[in-house]
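Student: Sharing a sequence plus its predicted fold:
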Amino acid sequence: MDSGVISIDNFDPDDKRHLIDSPTSLEALKRQGLEPKDLLKLTKARAKKKLGIDDEEIIETYLERHEERRQRYVRIVAKERRKMLRGSADSSSGFSQQRVSKANYLAQEDEKQLEKLKKRQEIEMAQMREHEKIKQSIQKRFEERDKKAKRREEYRQLELARMKREQEKQKALENERIKQRQEEEEMIMKQRQQAEFEEAQRKMRKTAKEEKRRMKEAKKRDEEIKQKQIQMRLQAEEIQREQQAKLEEKRLMLEEKDQERVRAMQIKQYEMKKQNEIKQRDKNQRLEAAKTNLEGIMNQKLRIFHEKQKNSEAKRLQFERQRENMKEQARIRAMEKKEEIERVIRENNEMQEEKKIAYLKAMEEAEKRKRYLDKEAKKDMERKQKELRRKEEERLQVIEKQKEIEQERVRLIKEKQEEAEMILQQLKEEQENEAKKMAIWRSIRKKEKEDEIKRIQKKQEYEKALIQQRIKEENDRTQNLMSEKQKMFEHRLEVRKQLEKEKESMMKNFFKAQKNLEVKAETPKNQLIKSPKKSKKPKKKFGAISSRVSTGFSPNTGNFNTPGHHATREKMKSEAKKVLDSLKNKNKKALTKLLKEEEKREAERDEILSTVVNEIERKRLEKIFEIERAKVREQQTVLENKYQEDYEKVNGLYEEFD
């Protein structure tokens, strides 16, 4: 096969640009009612576009179903192609010998073939109608089940509405009772509070009058104490001012002495610095002279100079240390003087503070006594007010507690209502989603069934066209053969005439041959050639020759019409028909059994659901039951697909026998 040709054996199901173009594979596709694009894989994007939905679960399941159907088509086409190749090889080897006999046989069998094809189509259509009837029955049961579920849902909604109305009625009555009880408690509490308030007002007026008198006396005492405090404060301030003046005078004297010492030290330091500078200049002059005059001993002079410099630096550092020590001593003496002054001031302050403390202590005792009396009065007032507040708080707490209890009860009722509504909404959404999915799957299965029917119709139309084409070709061949036979027949007549003249002596042998051939091969052609004008003996001779010639062109030569072969073929066809009927009955029994079991299980499910009160448990059971129903539908689909596949296999054998 050409490497560029794409057949069923080497095509890429993912490449839609390079489809199958092998003539044999294309012919196999046509015989099965398929096209090259039917063997391509379906992508998720194309599936979404084709179905017009985005549900991943449905898309994945649809892709799996499409892939299974595609692989089944590939197997069918590959099998058909192999059958075509085997048929082509077999026919090429024996075609030259069987051509004449097969043409005669096909001419007689074509009408039978067309009739059988029509009957087979009628059987298939009847089976399809039967499947459709079963499918409608299942659909009707599912619709009845959905109606029952809908009625149960409506009853549940009515029950929930009734419960909600009763709860609202109970809530209104309870609110009325609580409101009435609160009003009574508030009235009693107000009366009690009014009495307590009047008693507290009376006591407060009495306490205020007593407090006013005590405050007046305390105010008088405070004024006397304040006058004494002012006098003592003025005396203390005068003493403090005198001491402060003396201390300031001493401080100024000490500071002046310190400044004089510092100035003397600065003058001394300046003089020492000046002397050092003079000495340094002398040393520099001597060094310069030594450099110009004694260049040879420069290093020695430099060493001497460095030593002197070091000594001078050491002296300078020693002087600096001495100066720092003097400054430190002066600072220490100043600190000591300052501490002495501060000590004197502190002692004076302590004396004043002791006097002040004694005075303040007396004042504090008086103030303490006053505060004690005020505190006791305030405590008594606070105690009474606290008692009133406590009672009021207790009353408010009781009211608040009742409100909280009522709010909690209302909240729980509301939560239960919201939970019930949420569960109902979820159930409604799930039912809607499930209904949508079921509708989508019904549409998908319907489309798949329609596609399969179209494929079978295309297959049958193509087979019919092939048969018609074959009939036409065989008719043409038969016509040509008949013309050739006529010519050969005329030629044989001439030969027979010559044989009659030349072989008169072999009449007995011809007569014997005629009898033997008439026994072995019964052909209609040796009876067609008769000559009434001849004598009796020439008739026998002519019959013997005709019989012997015609046997050479009998269909027995190609073994297409032997009694044994025909009986075997009819027996195999009968067996295949029995298998087809058995498959049909078996599939029908399996579907009927499945439907009866599902009806029984559905009744059990309804009985279980009718006893369940809890919505959550009902929802859980309905999910489980829906999964079981989906499994039953899947089993139904599997049975139908298996029946279709088995039917096609057996039907293919049946067609081979035809």
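Tutor: On my side now, so go ahead.

Student: Now the helix or strand harbouring Asp606: average pLDDT?
Tutor: Assigned by DSSP states H and E, Asp606 belongs to helix 563-611. In this model, helix 563-611 carries a mean pLDDT of 72.

Student: That one: what's the following helix or strand?
Tutor: Next element after helix 563-611 (DSSP H and E): helix 615-657.

Student: which other helices and strands contact that following helix?
Tutor: When contacts are defined as 3 or more C-beta pairs under 8 Å, 6 or more residues apart in numbering; DSSP states H and E, helix 615-657 packs onto helix 56-293, helix 298-502, helix 563-611. To be clear about C-beta, it is placed using only N, CA and C from the backbone, and glycine gets the same treatment.

Student: can you put those helices in CSV and add distance to Glu628 and mean neighbour count?
Tutor: Shown next, in CSV, are the helices and strands packed on helix 615-657 (distance: least, C-beta to C-beta, whole Å; neighbours: other C-beta atoms under 10 Å):
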stretch, distance to Glu628, mean neighbour count
helix 56-293, 12, 13
helix 298-502, 13, 13
helix 563-611, 7, 13
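
Student: want to throw these into CSV with distance to Ala45?
Tutor: Formatted as CSV, these follow (distance: least, C-beta to C-beta, whole Å):
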stretch, distance to Ala45
helix 56-293, 10
helix 298-502, 17
helix 563-611, 36
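
Student: Out of those helices, flag the one nearest Asn10.
Tutor: Closest to Asn10 of the helices and strands packed on helix 615-657, according to C-beta to C-beta: helix 56-293, at 11.5 Å.

Student: now the angle between helix 298-502 and the closest one, please.
Tutor: Calculated by axes from the mean of the first three to the mean of the last three C-alpha atoms, to 10 degrees, helix 56-293 forms an angle of 150 degrees with helix 298-502.

Student: Mean confidence (pLDDT) on helix 56-293, please.
Tutor: Per-residue scores along helix 56-293 average to 73.

Student: Kindly calculate the angle that that helix makes with helix 615-657.
Tutor: With the same axes, to 10 degrees defining the directions, helix 56-293 sits at 110 degrees from helix 615-657.

Student: Now do helix 56-293: which elements does it pack against?
Tutor: Against helix 56-293 (3+ C-beta pairs under 8 Å, 6+ apart) you get helix 23-31, helix 44-51, helix 298-502, helix 563-611, helix 615-657.

Student: how's this protein carved up into domains?
Tutor: Following automatic domain parsing, one finds the domains of the chain at 1-91, 204-416, 562-658.

Student: Turn those domains into JSON lines, columns for distance to Leu160.
Tutor: JSON lines is the format used below for these (distance: least, C-beta to C-beta, whole Å):
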{"stretch": "domain 1-91", "distance to Leu160": "30"}
{"stretch": "domain 204-416", "distance to Leu160": "10"}
{"stretch": "domain 562-658", "distance to Leu160": "9"}
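
Student: mind checking which of these is nearest Gln170?
Tutor: Among the domains of the chain, domain 204-416 sits nearest to Gln170 (C-beta to C-beta), with 8.8 Å.

Student: gap between the closest one and the chain center?
Tutor: Counting by C-alpha atoms, centre = their mean, to the nearest Å, domain 204-416 is centred 75 Å from the centre of its parent chain.

Student: And the domains of the chain: which comes nearest Glu463?
Tutor: Of all these, the one in closest proximity to Glu463, counting by C-beta to C-beta, is domain 1-91 (7.0 Å).

Student: Tell me how far the closest one lies from the chain's centre.
Tutor: Distance, stretch centre to chain centre, for domain 1-91: 32 Å (C-alpha atoms, centre = their mean).

Student: ok, now stretch 134-154?
Tutor: Here stretch 134-154 is found 32 Å from its chain centre; the criterion is C-alpha atoms, centre = their mean.

Student: Next: stretch 435-455.
Tutor: Offset of stretch 435-455 from its chain centre (C-alpha atoms, centre = their mean): 27 Å.

Student: Dump the C-alpha coordinates for stretch 616-625 into PDB.
Tutor: Output of stretch 616-625 as PDB, limited to C-alpha atoms (Å, rounded to 0.1, in the frame of the first residue of the first chain):
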ATOM      1  CA  ILE A 616     -32.100  16.100  56.300                       C
ATOM      2  CA  GLU A 617     -32.600  12.300  56.400                       C
ATOM      3  CA  ARG A 618     -35.100  12.500  53.600                       C
ATOM      4  CA  LYS A 619     -32.700  14.500  51.500                       C
ATOM      5  CA  ARG A 620     -29.900  11.900  52.200                       C
ATOM      6  CA  LEU A 621     -32.200   9.000  51.200                       C
ATOM      7  CA  GLU A 622     -33.400  10.700  48.000                       C
ATOM      8  CA  LYS A 623     -29.800  11.200  46.900                       C
ATOM      9  CA  ILE A 624     -29.100   7.500  47.500                       C
ATOM     10  CA  PHE A 625     -32.300   6.500  45.700                       C
END
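
Student: Now do it: everything it contacts.
Tutor: Residues outside stretch 616-625 that contact it (C-beta atoms under 8 Å, 6 or more residues apart in numbering): 149, 423, 426-427, 430, 605, 608-609, 612.

Student: Output those residues as CSV; include the columns distance to Glu340.
Tutor: Conversion of those to CSV gives the following (distance: C-beta to C-beta, whole Å):
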residue, distance to Glu340
Ala149, 111
Ile423, 96
Gln426, 97
Leu427, 101
Glu430, 101
Arg605, 113
Ile608, 110
Leu609, 109
Val612, 105
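
Student: quick one on the thing from earlier: okay, the helices and strands packed on helix 56-293 in CSV with distance to Arg213 next?
Tutor: As requested, these are exported to CSV (distance: least, C-beta to C-beta, whole Å):
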stretch, distance to Arg213
helix 23-31, 125
helix 44-51, 99
helix 298-502, 11
helix 563-611, 87
helix 615-657, 77
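
Student: quick one: which of those helices is nearest Leu63?
Tutor: helix 44-51 (5.7 Å).

Student: what about Phe11, how many residues close to it?
Tutor: As a burial measure, Phe11 scores 19 neighbours (other C-beta atoms under 10 Å).

Student: which one of the contacts of stretch 616-625 is nearest Val638?
Tutor: Closest approach between the contacts of stretch 616-625 and Val638, by C-beta to C-beta: Arg605, at 22.0 Å.

Student: I'd like to know how far the closest one sits from Ile627.
Tutor: 12 Å (C-beta to C-beta, to the nearest Å).
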